[in-house]
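Peer 1: Just need the structure, nothing else, for what follows:
(2 chains)
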Protein chains: 2
Amino acid sequence: MKVYRLNQQSKAQNTIAIMSSKGGVGKSTITALLATHLTRIGKKVGILDADIIGPTISRLFAIQSKVVGQDGLILPVTSPLGIRLISSQLLLDQSDDPIVWRSPLVLDLIRQFYVDVIWGDLDYLFIDLPPGTGDVSMTVLESLNVDNIIMVTTPQDIVQDIVGKGIQMAKMVNKPILGIIENYSYFICDQCQKKHPLFHTSERPSIWKKYQLPLLAQLPLDSQLPKLIDNGKIETIDMDTIRQLVQSWRQ
Amino acid sequence: MKVYRLNQQSKAQNTIAIMSSKGGVGKSTITALLATHLTRIGKKVGILDADIIGPTISRLFAIQSKVVGQDGLILPVTSPLGIRLISSQLLLDQSDDPIVWRSPLVLDLIRQFYVDVIWGDLDYLFIDLPPGTGDVSMTVLESLNVDNIIMVTTPQDIVQDIVGKGIQMAKMVNKPILGIIENYSYFICDQCQKKHPLFHTSERPSIWKKYQLPLLAQLPLDSQLPKLIDNGKIETIDMDTIRQLVQSWRQ
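Peer 2: Numbers count the residues shown, from 1 in each chain, chains lettered A, B, ... in the order given. Predicted structure coming up:
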């Protein structure tokens, strides 16, 4: 399969695909949190929202502006903090317009987002994959120049079963998995401080043990987060776990 | 577009698609809870898992058996309570084998699940759609004989934006939406009884107001549920809200 390259006005030191094979586990939120922290410590970061059908990235940063072209290429939009973003949501007239496309069209737009966007000089390019192990995810992993994958899961066995399919797919295309981030690991009641393992039921080994992958972080279900996200203020969030995770990369 | 019909050994009084356009909101769980309650009150119920790429339905009922054929048709598997099920997961050798198929193949298997399965005489056939407003969901709504849609959402604005796309898609194919079920509406701390609106942040009107659709039910995030689900014991769950919802249908 043809591997696409960024254009001459773009460079990415690290291209990391954020993947989950199961929807609704917080893939886009985690992408945004990682991008935010890296930007805060001075890195140049881009996010390519490859979830063409269910795009959420631009919403997380409350970006309303449309993308514009320049010399036949596309300029990404920029978040308040300076993250460069591209998403199908930025192309729609009405925010609830559905995108009902067959996968070749979806793949073509992702390829354009990769090849035709003027990313500039990036330290990190995150690719927020669509949920599922369908042909779109597979083709993105094969045809874009992805260096590493981060898998996102929740503690539920039933979710981890589906995420296991994603791990097998990453093996099929020989892409290294940096590790696993577990989201919604616990919830702390702000009245009595009880720590609730809301989705944590497992009596069997976790997915990172089963597939011998590093556990990069466990993130709580923080009831403040949805409010900030819904208000497009994800860049105001500063989580210890994300800071530690990024720190550990850089050692 | 050609509309497919069930085979001569099958009949469904009501065919209801459970849809969400956003993944991870509990679509399959709600399908299973509705099917369980209807079976408990004496209805004959089938579930067609149209999420070919990320199948979870058979896992919810802890079904390990494989489907078998009969005279060129397919026999569904049966849950302990008697729900008839078909899912791509029941065709796999290894539970973590990924299904990396392009959408025409996916659609062909869904069509087979609809047309070639000996469903028998059903009061309700639930079709658990894949997440997203992609071409698979669209084609299923257009080409199977779906009577009604139930949309599933969570309270988050960002999720409801995506679910709005699903509502628009249902309009495009002229399929009536029975109403909306909101999942993860709140969580009650079992130590101090505080009711946490975990994902509930909205200061703007909810999706059912925006699109003038009935709100069918609001389900809590119950920390007992994931444990029962992970252990395949969803049929032991008896929720007031589900019971009331089904009761309201039958009046």
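Peer 1: can you give me the strands for chain A?
Peer 2: For chain A, applying DSSP state E gives strands covering A:10-19, A:45-49, A:68-70, A:73-75, A:77-78, A:84-86, A:120-128, A:148-153, A:177-182, A:187-188, A:195-196, A:215-218.
Peer 1: neighbours of the closest residue to residue A:185 other than its chain neighbours, just the number please.
Peer 2: Nearest non-adjacent residue to residue A:185, counting by CB to CB, 6 or more residues apart in numbering or on different chains: residue A:218, 4.0 Å away. Yep, even glycine has a C-beta here, placed from its N, CA and C like the rest. Residue A:218: 16 surrounding residues under other CB atoms under 10 Å in any protein chain shown.
Peer 1: Listing request: residues of the stretch 51-200 of chain A with sub-threshold pLDDT.
Peer 2: For the stretch 51-200 of chain A, the stretches flagged by pLDDT under 70 are A:200.
Peer 1: Helices along that one, start to end?
Peer 2: A:57-60, A:103-115, A:135-143, A:157-172 (DSSP state H, counting those that start in this stretch).
Peer 1: And these: which comes nearest residue B:186?
Peer 2: Judged by CB to CB, the one of these that comes nearest to residue B:186 is helix A:157-172, at 21.2 Å.
Peer 1: List the buried residues of that closest one.
Peer 2: Going by neighbour count (16 or more other CB atoms under 10 Å in any protein chain shown), the buried part of helix A:157-172 is A:157-170.
Peer 1: nearest to residue B:197, of the residues you listed?
Peer 2: residue A:159 (22.9 Å).
Peer 1: quick revisit: how about the helices of the stretch 51-200 of chain A in TSV, adding distance to residue B:85?
Peer 2: Shown next, in TSV, are the helices of the stretch 51-200 of chain A (distance: least, CB to CB, whole Å):
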stretch	distance to residue B:85
helix A:57-60	35
helix A:103-115	27
helix A:135-143	26
helix A:157-172	15
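Peer 1: can you list those in TSV and add distance to chain B?
Peer 2: Below are the helices of the stretch 51-200 of chain A laid out as TSV (distance: least, CB to the nearest CB, whole Å):
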stretch	distance to chain B
helix A:57-60	5
helix A:103-115	5
helix A:135-143	5
helix A:157-172	4
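Peer 1: For residue A:70, find the nearest of those helices.
Peer 2: Short answer: helix A:103-115, nearest of these by CB to CB, at 14.1 Å.
Peer 1: got JSON lines for the strands of chain A, with distance to residue B:203 too?
Peer 2: Shown next, in JSON lines, are the strands of chain A (distance: least, CB to CB, whole Å):
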{"stretch": "strand A:10-19", "distance to residue B:203": "29"}
{"stretch": "strand A:45-49", "distance to residue B:203": "25"}
{"stretch": "strand A:68-70", "distance to residue B:203": "31"}
{"stretch": "strand A:73-75", "distance to residue B:203": "32"}
{"stretch": "strand A:77-78", "distance to residue B:203": "25"}
{"stretch": "strand A:84-86", "distance to residue B:203": "25"}
{"stretch": "strand A:120-128", "distance to residue B:203": "27"}
{"stretch": "strand A:148-153", "distance to residue B:203": "28"}
{"stretch": "strand A:177-182", "distance to residue B:203": "30"}
{"stretch": "strand A:187-188", "distance to residue B:203": "22"}
{"stretch": "strand A:195-196", "distance to residue B:203": "26"}
{"stretch": "strand A:215-218", "distance to residue B:203": "30"}
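Peer 1: So which of those is nearest residue B:104?
Peer 2: Nearest to residue B:104, of all the strands of chain A, is strand A:10-19, at 23.8 Å by CB to CB.
Peer 1: Would you mind naming what in the stretch 1-150 of chain A lies close to chain B?
Peer 2: A:21-25, A:53-54, A:56, A:59-60, A:95-103, A:106, A:130-135, A:138 (CB under 8 Å from any CB of the partner chain).
Peer 1: Narrow the residues you listed to those that are buried.
Peer 2: Buried among these by 16+ other CB under 10 Å: A:21-25, A:53-54, A:56, A:59-60, A:96-101, A:103, A:106, A:130-135, A:138.
Peer 1: quick one, what contacts residue A:148?
Peer 2: A:14-17, A:175-178 (CB atoms under 8 Å, 6 or more residues apart in numbering or on different chains).
Peer 1: Would you mind checking these for buried ones?
Peer 2: A:14-17, A:175, A:177-178.
Peer 1: quick one: the residue lying closest to residue A:206 once chain neighbours are set aside and residue A:211, what's the gap?
Peer 2: Spatial nearest neighbour of residue A:206, chain neighbours left out: residue A:160 (7.1 Å); criterion: CB to CB, 6+ apart. Computed as CB to CB, to the nearest Å, the residue A:160 to residue A:211 distance reads 10 Å.
Peer 1: and what of residue A:107?
Peer 2: For residue A:107, the distance to residue A:211 - CB to CB - is 27 Å.
Peer 1: what do you get for residue A:102?
Peer 2: For residue A:102, the distance to residue A:211 - CB to CB - is 32 Å.
Peer 1: what's the answer for residue A:60, then?
Peer 2: For residue A:60 relative to residue A:211 (CB to CB), the value is 29 Å.
Peer 1: What of residue A:85?
Peer 2: 31 Å.
Peer 1: And residue A:71, by the same measure?
Peer 2: 45 Å.
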